[in-house]
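J.: Everything below, folded, please.
(one chain, ligands or ions: 1)
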Amino acid sequence: MKVCKLAGCGFPVSGFSGYCEPHKRRNRRHGHPEQTPVGAHELEPFRKRARARIKKNRDNPTWNILCARWEALIEIAKAEETRYLTGAPHNRFAAEAWFEVVKIGANSSSMEVIEVALAVYLLQVENPRRFKSDNAFGAQLARRVRTLAPTSVGSYYDHETRKAKSVYRDARPKTTVILARILQDTFGVAGLTVAHLERHEMNKLRNEKQTLHDALGELV
Ligand SMILES: [Zn+2]
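T.: Numbering: from 1, shown residues only. Model prediction:
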């Protein structure tokens, strides 16, 4: 019996995959067999900081540029959508990624998208180990931005609970990779710059606290 190739796992592999069922699923969903999802709750403090950073630099052109870039992207996505719908040959995964961009654009403001993207970069710079690989980072970035639009693909009536239930479908891994690349191309440089600036200021604040602490200790 072949076992999961992830060190220390030991579960039998699933089908032709090198991984066991849970690790295979996690790899498909989150871009790495050991990547756990970044939840809205976990991201919230980073969103708050991104918001504060934007507010503090309200007159800085960065945000307008990012907004313009995102809005231009939505226009491209709409054009791509029209092209696919008229039957032009296309890559299924690229098409799905552009559809996602259209959907996100229709359901959220540009500033919301920028805020979430910046927050994911802040989290990465602050806690690089939270992401198991570049691919896993991209998957989480795409996932957080995706959830700004309704992600259910339909609903049905559950007779037992007498409630309407939503059906969710995860994006296909290749679609996620393309969407992640689109988002990284759009927000990457700004995201990293803001994130490093944040870290620099946090360190400065920490050092100042320490200096104060040391100085207080020397008071006689
Ligand atoms: Zn495993």
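
J.: Spatially central residue for this structure, please.
T.: With distances taken as CA atoms, centre = their mean, Leu141 lies nearest the centre of the chain, 1.4 Å away.

J.: Need the pLDDT of that one.
T.: On the pLDDT scale, Leu141 is placed at 96.

J.: residue ranges for the strands of this protein, please.
T.: Using DSSP state E, the strands of the chain run over residues 152-158, 163-168.

J.: ok, the closest residue to the residue nearest to the centre of the chain other than its chain neighbours to the ion distance?
T.: Leaving aside its sequence neighbours, Leu141 sits nearest to Val120 (CB to CB, 6 or more residues apart in numbering; 4.8 Å). Quick note: C-beta positions are derived from backbone N, CA and C, even for glycine. With distances taken as CB to the ion, to the nearest Å, Val120 is found 26 Å from the ion.

J.: what do you get for Ala68?
T.: 45 Å.

J.: from here on, count from 116
T.: Let's use 116 as the start, then, which means that last one is Ala183.

J.: show me the biggest helix of the chain in terms of residues.
T.: helix 288-333 (DSSP state H).

J.: Let me see the mean pLDDT of that helix.
T.: For helix 288-333, mean pLDDT is 84.

J.: Which elements pack onto it?
T.: The contact analysis (3 or more CB pairs under 8 Å, 6 or more residues apart in numbering; DSSP states H and E) places helix 288-333 against helix 155-171, helix 177-200, helix 207-222, helix 225-241, helix 249-261.

J.: Tell me the pLDDT of Ser281.
T.: For Ser281, the model assigns a pLDDT of 65.

J.: Sorry, wrong one. I was asking about Lys163.
T.: According to the model, Lys163 scores 94 on pLDDT.

J.: Okay, it and Leu233: tell me how far apart.
T.: 11 Å (CB to CB, to the nearest Å).

J.: now do Glu313
T.: In terms of CB to CB, Glu313 sits 9 Å off from Leu233.

J.: ok, those two, which is more surrounded?
T.: Neighbours per residue (other CB atoms under 10 Å) separate Glu313 from Leu233, with Leu233 holding more: 27 against 20.

J.: how does the protein divide up, domain by domain?
T.: If you go by automatic domain parsing, the domain ranges for the chain are 116-149, 153-333.

J.: start to end distance for the shortest one?
T.: Spelled out, it's domain 116-149. One end of domain 116-149 sits 22 Å from the other (CA to CA, to the nearest Å).

J.: buried stuff in it?
T.: By 16 or more other CB atoms under 10 Å, the buried positions in domain 116-149 come out as 119, 121, 124, 128, 132, 134-135, 138-139, 141-148.

J.: Can you check the pLDDT for Cys259?
T.: Just to correct that, residue 259 is Arg rather than Cys. Predicted confidence (pLDDT) for Arg259: 94.

J.: for the one 3 residues further on, same thing?
T.: Among the per-residue scores, Thr262 shows a pLDDT of 90.

J.: which non-adjacent residue is nearest it?
T.: Nearest residue to Thr262 in three dimensions, chain neighbours excluded: Ala155, at 7.1 Å (CB to CB, 6+ apart).

J.: what residues does stretch 203-210 touch?
T.: 195-196, 198-199, 287, 289-290, 292-293 (CB atoms under 8 Å, 6 or more residues apart in numbering).
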